[in-house]
Structure formats: structure tokens, C-alpha cells
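Make a model of this:
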Amino acid sequence: MHTRTFGLVAAGVSVLAATLALSAPEKDPLKPRVPAAQLDEAKKLGTPLFKDAKSAPAKMVEEGKALYEGKGTCFNCHGKSGKGDGMAGAMLDPGPRDFTNCAFQKARTDGELFWTVKHGIQGTGMVSLSPAVVSEEEAWKIIAYVRSFCK
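The predicted structure follows:
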């Protein structure tokens, strides 16, 4: 009986913690995450893979999806839906970026998104993923997929 009670209390604490964590939404979704001193340089970053991520070939978007949901582990925080509703993201404050936010998508350049994958974002749960986890080419493919969340 004691073990069962402990298990129920632990489960209740877990649900409460997750609920509280979910109440920490992304702060300032339109604010640039690249430091001001590097923002101009980041905005100019591009890839020879495609003209821009929004118009990337479908094959690259699909490869980006596979990386987002696999090797890149992006879905853990950003969720498979891209809404910032991943299981690991529930513990973050501020919460993860909501990629379905079209205002955010329009405000940030592909280069800025690449910069965040390469360097992470100080003060958030976003860590540097390239080149340690994904190559630069793979990062660009993930960005092409991320752009597909804004319909």
C-alpha cells in the first residue's frame, strides 16, 4: 500500500511539474535570438543547396523532416507538430520556439535560423547542434523542413 501511495504521489507531482512547465511559453517570439553584434552577418548566411529554405525542393524538405525527427532530435523540444510542444520542451523556460508562428517565420531569415542551430541561443534550452550533432548541410535541410510549418 505504501509503495502504491508513493507512486500516486510521484505521478501527481510529475503531472503538476509538467503543467507548470507548460505554462512557460516562448518569450518574445519575434525578437531576434542572434546577438546584435552578429545579426547582420547571420542574416547574410545562405546555402548552395537551394535559393531559400521556403522554396527548397520537396526531397530536401523530406530529408529535413527525417533529421528533425531523428538525428537532430529537434522534435524533443519543438514537437512533431512544430508548435514547441515536445516532451523535453515542457521543462524549458522560456519554452521552445513555435515554428507554426508565421509572424516569426517572416521576421527571421534562413541565415538567422542556421546561426541558432550552429551556435545555440544563450538563455534558452537551444544548444549548438552543428557540427556536433548534424552537419551544416543537414542543418540547412532541417531549416527547409522548419519553414514548412508555416502554411
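
number of nearby residues for residue 69?
When neighbours are defined as other C-beta atoms under 10 Å, residue 69 has 15 of them. To be clear about C-beta, it is placed using only N, CA and C from the backbone, and glycine gets the same treatment.

typo on my end, residue 62
By other C-beta under 10 Å, the residues close to residue 62 number 15.

Look up which helix or strand it falls in, please.
helix 58-69 (DSSP states H and E).

How far does that helix sit from its chain's centre?
Centre-to-centre, helix 58-69 and its host chain are 14 Å apart (C-alpha atoms, centre = their mean, to the nearest Å).

and if you look at stretch 33-50?
17 Å.

residues touching the nearest residue to residue 74 once chain neighbours are set aside, list them.
Sequence neighbours aside, residue 68 is the residue nearest to residue 74 in space, at 4.4 Å (criterion: C-beta to C-beta, 6 or more residues apart in numbering). Counting by C-beta atoms under 8 Å, 6 or more residues apart in numbering, residue 68 touches 74, 75, 78, 142, 145, 146.

Check residue 34 too.
42, 112, 115, 116.

SS state for the third one?
The one in question is residue 115. Here residue 115 is recorded as helix under DSSP: H, G, I helix; E, B strand; the rest coil.

Please tell me how far it sits from residue 89.
20 Å (C-beta to C-beta, to the nearest Å).

what's the answer for the second one, then?
Using C-beta to C-beta, residue 112 is found at 20 Å from residue 89.

quick one on the thing from earlier: tell me the confidence at the residue nearest to residue 74?
With respect to pLDDT, residue 68 scores 98.

What of residue 151?
For residue 151, pLDDT reads 83.

Report the contact partners of it.
Applying C-beta under 8 Å, 6+ apart, one finds that residue 151 lies in contact with residue 102.

Spatially, which residue comes closest to the most centrally placed residue in the chain, not counting chain neighbours?
Nearest to the mean C-alpha position of the chain, by C-alpha atoms, centre = their mean, lies residue 78 at 4.8 Å. Using C-beta to C-beta, 6+ apart and skipping residues adjacent in sequence, the residue nearest residue 78 is residue 96, 5.0 Å away.

Confirm for me that that neighbour is in contact with residue 125.
Yes: between residue 96 and residue 125 there is a contact under C-beta atoms under 8 Å: 6.6 Å.
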